[in-house]
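A.B. asks: below is the structure, and that's it, no one-letter string:
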């Protein structure tokens, strides 16, 4: 009993203790939370209160200011007022550009004839010849929408030897000047020591500027174009490819961040570079400056100079450029610097330290995807900022540098064409490129908006949009011989192609001098056969973007091609996986002929190939459009005159766009060069000139593209069980093996 | 808590063995403990509920409780907005600091009622419902901070959404009186209806020093690119009417004009278009017979026929959004909500959030003078694109237009992206609706690269028990010239390697296991990511009738 009482008492005490413990915890509770919220660390002390009173709407329901406004001014007058008020530094397309000039003939560019005695720098000469060689060029000022001066305006630094004097009077005396309306002025350098203003030293009137190192304050949005600073050695066409050959994962390189350059010590733009040494750690962040600049650098020399100069000599710029993840691009005297393009090409992600620089082509390029935009004021944060960037992001940034470099910057031609395309997009508002076209592969220059404004009509955006190409193809058969007998290969071809489950229609392009055969001469097929009489009966007409081609895929065929239905089906299923490439049968290769120092063409059986001839190939119909609208008439007329090489040109074009080789698929053994020509074509293929012509074509094309766009491949795509030791019945494309 | 539960659970187990008297003791004891627990529980929750109810009653505050501030006549007026302001010149980035979350902190000034010297308020409406919604949304968001010293961006509580209800000079003085104003540095003003009669400026007329302006209706001449933010004009119908999302596709009308205050000149041109193209166009106007007020807002008429607005917008593929006195129109929001593709005709207008949104994919912009050509221009747009634009328009509304909260958050996110550009939202994040986000494939290796052979490849051999075949694989693979490294993953730590088991892949359980794996993985991915193809890559001359020794990869066919 006693024990039990004691037991009980101890239990009770225990219970009370527990109670006390809880009370104890509870009582100071509110005080603690109260004090916390007073300091306001966790919970906001005074968030926006929820007012209980009925609040008014920001504007009454039935309110409209417009009505009384309407009485006062007509919108047409308003537009006229705007265009007369906003001039000079406030110029916009609406106020300083005459759209009506572009309506008649589209976007045509006129270049003033060069006057004798005027010296023109090499860079400006490159710009002018690019425009003259482009599809925008017109020699008739009456047709022009945009005018480009033949006076060199690139270097407006008075101390420079390239400086052109008396530009003001020269410009004013131009007969078509019209106060600069619809003129485009290119400029790389403006202003001079000590203040480096952005003034060109002559009255540009209402002209647009395509200018390097332009600041956001002076940049007139949607009117000026910011271009990159490029050196006089920048190649005119083609240009070097980016240095990135393969991706490494993880993407880190030896250095995290590098810079090597001059330090100005005093004056405009010197602060940032003077402060770089704070961040330099000689390990993975290597920022080197030298004071050796100009003849009298010793005069301005500061305490750090000797140390900096010594450190500067220790590192090799190119080695750093190639082995760094990020490259610092600080402003120089002017906002832009050569570092920018160098870093971009080297796949070294640029870290911009140039406050107020309107980045090149900022109107269309989303620089956040290819560069780190830093702030000069936050220099000391830069290392931690770049270190905080995730590997995935670095990988994406690095690839984007290459994409942009190759799409818009690698040659003067690309820089100039991008400038013109941007202006064209503004002029033809309805047919302009979307942001996606500019910022993803293959870039805006290869994505022509007047083909279609819908992204899904191009071969490049299927994955991005999450859609698939149209599951049918249109066959285009190029017919050059008259239809005389019922055993002609073209008729067999028609039948076997029409039998394909993916065939939507067949177009016969009648490029024969004889009149069209009667309708009943064509075999009866389940798909419609459309016969089109070729325009001028020239070679290029086989790549015309005919409206009757409704499917995304085009199966291009020669009239004497021998193909079975299975082969057609198989090629098409392969194409569906590679809609941006040429997929087909007859493969050819190119090589560099060391003896002749020119490109060679071979049809021999080799271990690799770089072309798939369009005698039996599937590709996207967009390439018809590109062939007709992107290529210069000089190349197309060469093809027409020779009646040859059209297939090589198509391969050049597609490889230039995709940067990838075509795809060869399996075929029946019998298909050989000799098989290709049975009747008329035999003459073409057997002709020794024919082959020599193709060599010539190759070299001509390569020079226009500014390099060899073709890429070799060692891969052939075969049906999955091709020639495997399993029953033929299990193979879907067994026909391919049979012969 | 744990301790008391233990006591409690021990109690009942002892009870049957004891006498009644003791049992009573134990029951009392148990109930005491239980009571204690209940009491503790109560106390645990009480103070909280007291606190929150206090807060709640505080929240039931009225705007009229806000402190009254009298503006002296001579109080300084800020300078007019500086057109050359940019983030690097007029914005103090040091206040935002470096933080791992890359998020700016936003402070909202407490509400004050400003009056002039004679006691007249500076605004005829005071705090509007929309501005209140906006500020409470911001205060509930991650951006909000109540600590003024840590803030990077300051938002005045003075409502300047509608300039018409403001007294310009006094509002400006009120802004300058804010304790942290400092020449407007890092201050953000929201304005949707700028300008006033007769010429309607396209930006807020209130002098505001260096303050950032989130404005609806900027023109290219007043918008400071990269500094200001162009925002939509909120349509109160967004909250009022629930329009269900419709499937994109062709609709009853091709073009619809629903605005009530279209200038005579434009209405004449629209009517001419209607004559030319007939039924494809529907031109609606105000209903003359209806009384003013909410009812008339929700109705539109054409020749005596009454249509419900905004429902009628869903019946058309394209909807006209013409400029009025102001460039920004609330109609744009209604049109987007209805999934109708806006045809925007307002020269020099900076489209809402154009810094991040790709309007080309959701709208058609036509210069005002091309109004007569509208029909031809719109007809030339491919059907599939119209459908995509309809979807895109609806998505823009849902994400960025649907509420004051959406508008406010988007504005802050845009400013945030400028301050931390390396952590900015991407084009895809801003512009791709979830349908596209799920179906699209963005390869992390998107650059078309054909890597050279020089660095070679690394072979990874996964092994489990079968030593012999492993050695065979290693011997074969090491012959390959481009092999750079061979990595063997030994997957069995416990077992010593037994004799080689032949034909593991023929083992039935093995195949069953692998099928299970595939199903498991597919369920984790939510979809089957593997794609079936019917082709296989072979060397160019694979199995071709060609001398073996001339082939690059002669062995492949013969294995």
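C.D. replies: Perfect, thanks for sending it. Everything quoted here is computed from the prediction, not taken from an experiment.
A.B. asks: isn't residue A:293 up against residue A:261?
C.D. replies: No - taking C-beta atoms under 8 Å as the definition, residue A:293 is not a contact partner of residue A:261, at 9.6 Å. In short, each C-beta sits where N, CA and C put it, glycine included.
A.B. asks: who's more crowded, the two?
C.D. replies: Each of residue A:293 and residue A:261 had its neighbours counted (other C-beta atoms under 10 Å in any protein chain shown), and the higher figure belongs to residue A:261 (21 against 14).
A.B. asks: which SS class is the closest residue to the more buried one other than its chain neighbours?
C.D. replies: With sequence-adjacent residues excluded and distances taken as C-beta to C-beta, 6 or more residues apart in numbering or on different chains, residue A:261 is closest to residue A:289, at 6.4 Å. Recorded secondary structure, residue A:289: strand (DSSP: H, G, I helix; E, B strand; the rest coil).
A.B. asks: contacting residues for residue A:289?
C.D. replies: With contacts defined as C-beta atoms under 8 Å, 6 or more residues apart in numbering or on different chains, the neighbours of residue A:289 are A:259-263, A:273-274, A:276-277, A:308, A:312.
A.B. asks: local confidence estimate at it?
C.D. replies: The pLDDT attached to residue A:289 in the predicted structure is 93.
A.B. asks: same check, this time on residue A:51
C.D. replies: The predicted local confidence for residue A:51 comes out at a pLDDT of 82.
A.B. asks: thought it was touching residue B:62?
C.D. replies: Yes - if you go by C-beta under 8 Å, residue A:51 and residue B:62 touch, sitting 6.5 Å apart.
A.B. asks: more neighbours: these two, which one.
C.D. replies: Taking residue A:51 and residue B:62 together and counting by other C-beta under 10 Å, residue A:51 has the greater number of neighbours (21 against 10).
A.B. asks: can you tell me how far the more buried one is from residue A:522?
C.D. replies: Separation of residue A:51 from residue A:522 (C-beta to C-beta, to the nearest Å) stands at 80 Å.
A.B. asks: likewise for residue B:133?
C.D. replies: The separation that residue B:133 has from residue A:522, given C-beta to C-beta, amounts to 70 Å.
A.B. asks: swap in residue A:608?
C.D. replies: 39 Å.
A.B. asks: what residues does the stretch 401-550 of chain B have near chain A?
C.D. replies: Taking C-beta under 8 Å from any C-beta of the partner chain as the criterion, the neighbours of chain A within the stretch 401-550 of chain B are B:417, B:421-422, B:424, B:426-427, B:431, B:435-436, B:438-452, B:455, B:533-546, B:550.
A.B. asks: now do 6 Å
C.D. replies: Within the stretch 401-550 of chain B, the positions adjacent to chain A are B:421-422, B:424, B:427, B:436, B:439-441, B:445-448, B:451-452, B:533-538, B:540, B:543 by C-beta under 6 Å from any C-beta of the partner chain.
A.B. asks: go ahead and build a ChimeraX selection from the buried members of those.
C.D. replies: If you want just the buried ones from those in ChimeraX, going by 16 or more other C-beta atoms under 10 Å in any protein chain shown, the selection is:
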select /B:421,422,424,427,436,440,446,447,448,534,535,538,540,543
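A.B. asks: low-confidence ranges in chain A?
C.D. replies: A:1-5, A:11-46, A:60-72, A:668-686, A:739 (pLDDT under 70).
A.B. asks: closest point of it to chain B, which residue?
C.D. replies: Relative to chain B, the nearest point of chain A is residue A:466 (2.8 Å; C-beta to the nearest C-beta).
A.B. asks: tell me the pLDDT of the closest residue to that residue other than its chain neighbours.
C.D. replies: Across the structure, with C-beta to C-beta, 6+ apart as the measure, the residue nearest residue A:466 apart from its sequence neighbours is residue B:439 (2.8 Å). Reading off the confidence values, residue B:439 has pLDDT 79.
A.B. asks: again with residue B:59
C.D. replies: Residue B:59 is assigned a predicted lDDT (pLDDT) of 50.
A.B. asks: for the one 4 residues further on, same thing?
C.D. replies: The predicted local confidence for residue B:63 comes out at a pLDDT of 83.
A.B. asks: cool, and the one 3 residues further on?
C.D. replies: Residue B:66 is assigned a predicted lDDT (pLDDT) of 87.
A.B. asks: now do the contacts for residue 368.
C.D. replies: Looking at chain A here, since you left the chain open. Counting by C-beta atoms under 6 Å, 6 or more residues apart in numbering or on different chains, residue A:368 makes contact with B:421, B:424.
A.B. asks: wait, chain B was what I had in mind.
C.D. replies: Residues counted as contacts of residue B:368 (C-beta under 6 Å, 6+ apart) are B:345, B:347.
A.B. asks: let's see that with 8 Å instead.
C.D. replies: Residue B:368 makes contact with A:75, A:79, B:266, B:322-323, B:345-347 under the criterion C-beta under 8 Å, 6+ apart.
A.B. asks: relative to residue A:181, which of the residues you listed is nearest.
C.D. replies: Distances from these to residue A:181 were compared by C-beta to C-beta; the smallest belongs to residue A:79, at 16.7 Å.
A.B. asks: residue A:351 versus that closest one, what's the distance?
C.D. replies: Applying C-beta to C-beta, the value for residue A:79 to residue A:351 is 44 Å.
A.B. asks: who's more crowded, these two?
C.D. replies: For residue A:79 versus residue A:351, neighbours defined as other C-beta under 10 Å are more numerous around residue A:351 (24 against 17).
A.B. asks: what's the burial count for the closest residue in space to the more buried one that isn't next to it in sequence?
C.D. replies: Closest residue in space to residue A:351, ignoring its immediate chain neighbours: residue A:372 at 4.5 Å, by C-beta to C-beta, 6+ apart. Residue A:372 has 25 neighbouring residues, counting by other C-beta under 10 Å.
A.B. asks: wait, residue A:372 sits on residue A:353?
C.D. replies: No - using C-beta under 8 Å as the test, residue A:372 is too far from residue A:353 to be in contact (9.7 Å).
A.B. asks: for these two, list the residues in contact with both.
C.D. replies: Once C-beta under 8 Å, 6+ apart is applied, it turns out that residue A:372 and residue A:353 contact no residue in common.
A.B. asks: follow-up on the earlier one: in helices, which of the residues of the stretch 401-550 of chain B next to chain A fall?
C.D. replies: B:427, B:436, B:439 (DSSP state H).
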